[in-house]
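Asks: I need the structure of the sequence given here:
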Amino acid sequence: MSTTSGFRSPISRSETTSPHPGRPAFDTELLRAYMKKLLQTSLQHARWSSDRDQVKSWMKDIKERVKDRMIEIQHTGFKYIVLVQISENLHQGGRADMISHWEDGDVCINELYFNDSIICTCIALAVRSS
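Replies: Next up, the predicted model:
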């Protein structure tokens with residue numbers, strides 16, 4: 001570590017060790033494939049509607065199914081958070097980013113689906129529990 005004027009550089013995550021070695025990792029690729037297929041099949045015929053209940057129904061169905069799949073993949077050792085946003089596709093640009101500070105085993109999986117009418121973003125977080 002370098003020091004300059006009394007300040008220390010932060011410890012690189014690659015230099016630290018996991019506080020819980022040997023705990024199983026969450027299978028991100030299995031969930032990513034599921035999310036991609038789920039969004040395609042659930043929303044392929046969806047059209048934007050000003051009916052809030054219809055859009056809420058799509059979001060609820062997606063987030064419940066993703067959460068259930070996360071539990072099937074790894075039923076213990078993690079807490080799960082699923083965020084779903086559906087908006088009208090007006091051919092606008094968009095950008096999203098995220099920063100986090102957590103254990104090496106925690107993961108974030110995101111998937112984007114769009115057609116001529118809607119844009120759906122699904123973000124799933126698996127955070128190790130104590």
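Asks: For the helix or strand hosting residue 72, buried residues please.
Replies: Assessed by DSSP states H and E, residue 72 sits inside helix 52-73. For helix 52-73, the neighbour count (16 or more other C-beta atoms under 10 Å) marks 55, 58, 59, 62, 63, 66, 69, 70, 73 as buried. Every C-beta, even on glycine, is put in place using the N, C-alpha and C of the backbone.
Asks: ditto for stretch 103-116
Replies: Across stretch 103-116, burial judged by 16+ other C-beta under 10 Å covers 105, 107, 109, 111, 113.
Asks: What is the nearest of those residues to residue 94?
Replies: residue 113 (13.1 Å; C-beta to C-beta).
Asks: Is it correct that the closest one is in contact with residue 37?
Replies: No - Residue 113 lies out of contact with residue 37 (C-beta atoms under 8 Å); the separation is 10.3 Å.
Asks: Which residue ranges of the chain form strands?
Replies: In order along the chain, the chain carries the following strands (DSSP state E): 3-4, 7-8, 78-88, 107-114, 118-128.
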